[in-house]
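Trainee: Sequence first, then the predicted structure:
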Amino acid sequence: MNRSYEKTFSVEGGNFDNAGMASIEIKKILKDLQISDDVVRKAAIAVYESELNIISYARNGHITLYVTDDAVNVDVRDEGPGIEDIELAMKPGYSTATEQIRQMGFGAGMGLYNIKTCSDRFEISSTVGEGTHLSIKINRNGQ
Amino acid sequence: MTLADIAKKLNLRVLCCTDRLDRVVSGGYVGDLLSDVIANSRAGDIWITRQSHRNIVAVASLKEHAAVILALGKEPDDETLEKATDEGVPLIVTNLSGFEVAGRIYELLTRS
Ligand SMILES: Nc1ncnc2c1ncn2[C@@H]1O[C@H](COP(=O)(O)OP(=O)(O)OP(=O)(O)O)[C@@H](O)[C@H]1O
Ligand SMILES: [Mg+2]
């Protein structure tokens, strides 16, 4: 499938000052590409949660958006501690967020679950001590 | 119903972006957990929260909320106010509780 659009954003771990900015930009791009509202909404949620997880837990990371004729794809890679038990991390309510992160309103343990809910295909892999990789696909025409 | 109508009727204090009070409010959402607000609120909502950290601005901007209301007399940090002004997100404060302000806005929206 040919990629009609591709762009990569870098995200710095620990820097909450610009948290959400990659998501806001990606949402604008998708709207300009005239992607349907529902697909844009799902993509924005998935990208926001991915971005915040890099900021909250990793040293740094990259979010790549690529759009094909049939889907919006988001590829997220970070260098960081990785996730030991992915099944546990995916559970709604499970969080290792610090008190400082919780005080800003994060750490409900809903992020990964929200990403999965918004995706038509979601893959997560992680190596402890190296980093985490998410592959997200949202179909443009319903299914 | 516009933001201006709601602010006037409920006697709310608008801290910034007063040029955006003509925005139409289509609904509302109450929440302090950002993942919940990101997942469940809608564009055009007025978001009622007790969070005052600057991250609320990115959430409101991403979700295209009509405005953010800080309930129970919570004042935003200076950084939050500055960022809201830059991003064009109206910030509103009220001494009412989240419960009360949500109830009053709900009443206004369902009657109009
Ligand atoms: N990129 C990552 N690197 C390392 N650990 C991660 C990463 N993403 C998630 N985790 C781990 O998985 C847990 C669950 O993540 P999830 O995004 O679902 O919730 P949260 O970030 O804790 O809270 P919320 O997203 O609701 O604000 C995190 O608390 C953290 O322990
Ligand atoms: Mg998270």
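Mentor: Thanks, I have it. Numbering: from 1, shown residues only, chains lettered A, B, ... in the order given. Ligands and ions are numbered 1, 2, ... in the order given.
Trainee: Doesn't residue A:4 belong to a strand?
Mentor: Yes. Judged by DSSP: H, G, I helix; E, B strand; the rest coil, residue A:4 forms part of a strand.
Trainee: Contacts only, for it.
Mentor: A:33, A:67, A:68, A:69 (Cβ atoms under 8 Å, 6 or more residues apart in numbering or on different chains). For every residue, glycine as well, the C-beta is placed using N, CA and C.
Trainee: Where does the residue nearest to the spatial centre of chain A fall, secondary structure wise?
Mentor: With distances taken as Cα atoms, centre = their mean, residue A:50 lies nearest the centre of chain A, 2.4 Å away. Per DSSP states H and E, residue A:50 falls inside helix A:37-57.
Trainee: which residue sits closest to the residue of chain A found nearest chain B, ignoring its sequence neighbours?
Mentor: Nearest residue of chain A to chain B, counting by Cβ to the nearest Cβ: residue A:20, 2.8 Å away. Distance criterion Cβ to Cβ, 6 or more residues apart in numbering or on different chains; nearest residue to residue A:20, sequence neighbours excluded, is residue B:58 at 2.8 Å.
Trainee: residues near the residue of chain A closest to chain B, how many?
Mentor: Per other Cβ atoms under 10 Å in any protein chain shown, the neighbour tally for residue A:20 reads 26.
Trainee: can you tell me which residues contact it?
Mentor: Under the criterion of Cβ under 8 Å, 6+ apart, the neighbours of residue A:20 are A:48, A:51, A:52, B:55, B:58, B:59, B:61, B:62.
Trainee: among those, who's most crowded?
Mentor: When neighbours are counted by other Cβ under 10 Å, residue A:48 leads these with 28 neighbours.
Trainee: Go ahead and confirm that one touches residue B:38.
Mentor: Yes. Using Cβ atoms under 8 Å, residue A:48 is in contact with residue B:38, at 5.5 Å.
Trainee: any idea which helix or strand comes after the helix or strand harbouring the residue nearest to residue A:20?
Mentor: Counting by DSSP H and E, the element that carries residue B:58 is helix B:55-62. Once the chain leaves helix B:55-62, the next helix or strand it forms, by DSSP H and E, is strand B:67-70.
Trainee: Residue A:61 is in contact with residue A:10, correct?
Mentor: Yes. At 7.3 Å, residue A:10 and residue A:61 qualify as touching, with contact defined as Cβ under 8 Å.
Trainee: For these two, work out which one has more neighbours and name it.
Mentor: The neighbour comparison of residue A:10 against residue A:61 (other Cβ under 10 Å) goes to residue A:61, with 26 against 10.
Trainee: The helix or strand hosting the more buried one close to chain B?
Mentor: Residue A:61 is part of strand A:60-68 when elements are defined by DSSP H and E. No. Using Cβ under 8 Å from any Cβ of the partner chain, strand A:60-68 stays clear of chain B, with a minimum separation of 14.1 Å.
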